[in-house]
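Undergrad: give the three-dimensional model of this entry:
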Amino acid sequence: MNDTPRIRTVPICTLLALTVAAGATACAGSGDHPLSARPYDAADEISFNAPAEGKKADPEKPLEISVKGDDGRIADVTATDESGHHLAGELTADGHKWRSTAALAAGARYTVRVATEDEDGAPGARTFTFETAPAKRALTATFGPQAGTYGVGQPITAELSLPVKDRAARAVVERALKVRSAPAVEGSWYWVDDKKLHFRPREYWPSGASISVTGNLDGLKVGDKLYGGASKPLKLTIGDRIEAVADAGSHYMTVRKNGEVINTIPVTTGKPGFSTRNGIKVILGKEYYVRMRGTSIGIAEGSSESYDLPVYYATRVTWSGEYVHAAPWSVGSQGVANVSHGCVGMSTENAAWFYETVRPGDIVSVVNSFGDTMDTFGNGFGDWNLDWGKWRQGSALVADGGNATVTEDAKARLRPSI
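TA: Residues are numbered from 1 along each chain as shown. Now for the predicted structure:
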């Protein structure tokens with residue numbers, strides 16, 4: 001059989017600016033061309049590596065389709081799963097074999113359509129279906145936070161069910177985790193560790209944005225014998241842009257809403273030895289009442305620094321116990337001096353106003369403190385303390401990217417300070 005592709009001449013009718021007699025034939029002979037024929041059933045001419053009766057195909061093995069004899073050729077193959085995803089493949093030069101070049105999905109049902117030509121160029125067709133075996137290990141993603149409305153600083157989190165260490169596998173996962181925002185933003189995932197990712201935009205989320213998060217991992221081959229499973233999608237909305245800046249040097253907090261100052265509050269922050277962390281923090285939650293004890297941060301009971309107090313209108317900004325809260329015992333120092341054990345304290349009236357004004361995801365920044373900088377990960381959401389260039393390096397899709405070391409001190413410091 002000559003493997004050189006046949007060149008067929010198809011009759012073409014040319015419209016001429018001539019007057020022709022009624023009843024003249026405009027184009028003739030097209031029905032005699034082989035390609036105009038209805039495709040015949042090529043089931044007897046095509047074979048594929050189908051599993052045994054009642055079995056499912058191994059997704060680790062490629063799909064292979066062949067012509068049984070030497071008198072015909074495969075013209076085209078289309079293989080799609082039930083989600084409409086096409087399986088890539090390549091055809092040999094002689095048209096006798098087709099082989100998939102992309103990994104099959106696990107637990108999927110494929111429909112395969114094969115177009116053929118016989119030695120005379122007549123078209124044939126065969127359609128068949130098959131199923132692949134489900135994955136023995138399924139990688140899923142759990143997204144956070146819970147559905148709802150959040151402030152402009154709220155990162156998206158993805159907790160994986162299994163660790164992923166290989167960079168190529170991480171790239172597969174990252175491409176499958178889709179974050180869509182209206183209006184659109186520039187954003188990126190950051191691998192916090194082998195099982196956790198954070199997503200944030202380059203700048204804070206736009207006020208009023210609608211965000212959807214999906215994990216298109218189901219059936220996807222991630223790595224060696226590791227496939228993705230189904231993940232529950234997430235939808236969020238973004239509220240007004242609320243930013244609070246606590247200046248430990250001036251002892252005042254300035255609160256802005258959508259860029260305009262709406263309140264200036266006298267505060268006290270951490271005193272020497274207990275300085276409040278500098279940097280950008282994201283509100284984690286609000287608690288009307290918290291009992292705060294000095295022993296929770298290592299202060300010996302009965303010592304001069306010891307305390308055990310009921311605290312109201314407490315807005316949490318770190319897991320280790322930093323809050324913005326009511327501190328009626330230090331009103332005389334608010335706006336004047338820093339006397340707290342690390343929290344931002346204010347009058348009960350101002351704390352109640354702040355508590356009612358903010359929501360999780362809003363921004364609280366601390367400046368001019370003698371404390372350390374807020375941890376990027378491990379003690380809340382310090383994500384915004386990384387500039388965009390460094391944040392992008394945490395993506396597996398950046399050629400020279402890498403992962404930052406997680407500063408994990410939250411387990412040792414999970415109790416509130418005042």
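Undergrad: what about stretch 143-160, average pLDDT?
TA: Throughout stretch 143-160, pLDDT has a mean value of 98.
Undergrad: list the buried residues of it.
TA: Buried positions in stretch 143-160, judged by neighbour count with 16 or more other C-beta atoms under 10 Å: 143, 145, 150, 151, 152, 153, 154, 155, 156, 157, 158, 160. All C-beta spots, glycine's among them, are computed from the backbone N, C-alpha and C.
Undergrad: do the same with stretch 240-248
TA: In stretch 240-248, counting by 16+ other C-beta under 10 Å, buried: 240, 241, 242, 243, 244, 245, 246, 247, 248.
Undergrad: in strands only, show me the buried residues of stretch 143-160.
TA: 143, 150, 156, 157, 158, 160 (DSSP state E).
Undergrad: run a quick neighbour tally on residue 116.
TA: As a burial measure, residue 116 scores 22 neighbours (other C-beta atoms under 10 Å).
Undergrad: and the nearest residue to it once chain neighbours are set aside, what element?
TA: Leaving aside its sequence neighbours, residue 116 sits nearest to residue 124 (C-beta to C-beta, 6 or more residues apart in numbering; 4.0 Å). Assessed by DSSP states H and E, residue 124 sits inside strand 123-131.
Undergrad: other SSEs contacting that strand?
TA: strand 40-41, strand 46-48, strand 109-118 (3 or more C-beta pairs under 8 Å, 6 or more residues apart in numbering; DSSP states H and E).
Undergrad: including mean pLDDT, could those strands go into TSV?
TA: TSV is the format used below for the helices and strands packed on strand 123-131 (pLDDT from 0 to 100):
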stretch	mean pLDDT
strand 40-41	89
strand 46-48	90
strand 109-118	93
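Undergrad: these into TSV, with extra columns for distance to residue 227?
TA: Converted to TSV, these look like this (distance: least, C-beta to C-beta, whole Å):
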stretch	distance to residue 227
strand 40-41	35
strand 46-48	22
strand 109-118	15
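Undergrad: now residue 339: how far from residue 345?
TA: Distance, residue 339 to residue 345, using C-beta to C-beta, to the nearest Å: 8 Å.
Undergrad: next, residue 171: phi, psi?
TA: The phi and psi values for residue 171, taken as degrees, to the nearest 10, are phi -60, psi -40.
Undergrad: what's the answer for residue 372, then?
TA: The phi/psi pair for residue 372 (degrees, to the nearest 10) is phi -70, psi 170.
Undergrad: wait, it touches residue 277, no?
TA: Yes: between residue 372 and residue 277 there is a contact under C-beta atoms under 8 Å: 5.7 Å.
Undergrad: and the ones in strands among the buried residues of stretch 143-160, which is closest to residue 355?
TA: Lowest distance from residue 355 to those (C-beta to C-beta) belongs to residue 150, with 16.3 Å.
Undergrad: burial count for the nearest residue to residue 89 once chain neighbours are set aside?
TA: Of all residues not flanking residue 89 in the chain, residue 100 sits nearest, at 4.3 Å (C-beta to C-beta, 6+ apart). Neighbours of residue 100 under the rule other C-beta under 10 Å: 19.
Undergrad: now do residue 100, the pLDDT please.
TA: pLDDT at residue 100 comes out at 95.
Undergrad: can you pull out the helices in the chain?
TA: 167-176, 348-357, 388-392 (DSSP state H).
Undergrad: measure how the first one sits relative to strand 156-160, angle-wise.
TA: Translated: helix 167-176. 130 degrees (axes from the mean of the first three to the mean of the last three C-alpha atoms, to 10 degrees).
Undergrad: and the contacts of helix 167-176?
TA: 139, 141, 160, 164, 189, 191, 197, 215-217, 220-223, 226, 228, 395-397 (C-beta atoms under 8 Å, 6 or more residues apart in numbering).
Undergrad: show me where pLDDT drops low in the stretch 51-200 of the chain?
TA: Applying pLDDT under 70 to the stretch 51-200 of the chain picks out no residues at all.
Undergrad: what about 80?
TA: Within the stretch 51-200 of the chain, the ranges that satisfy pLDDT under 80 run 52-53, 69-71.
Undergrad: alright, I will stop here.
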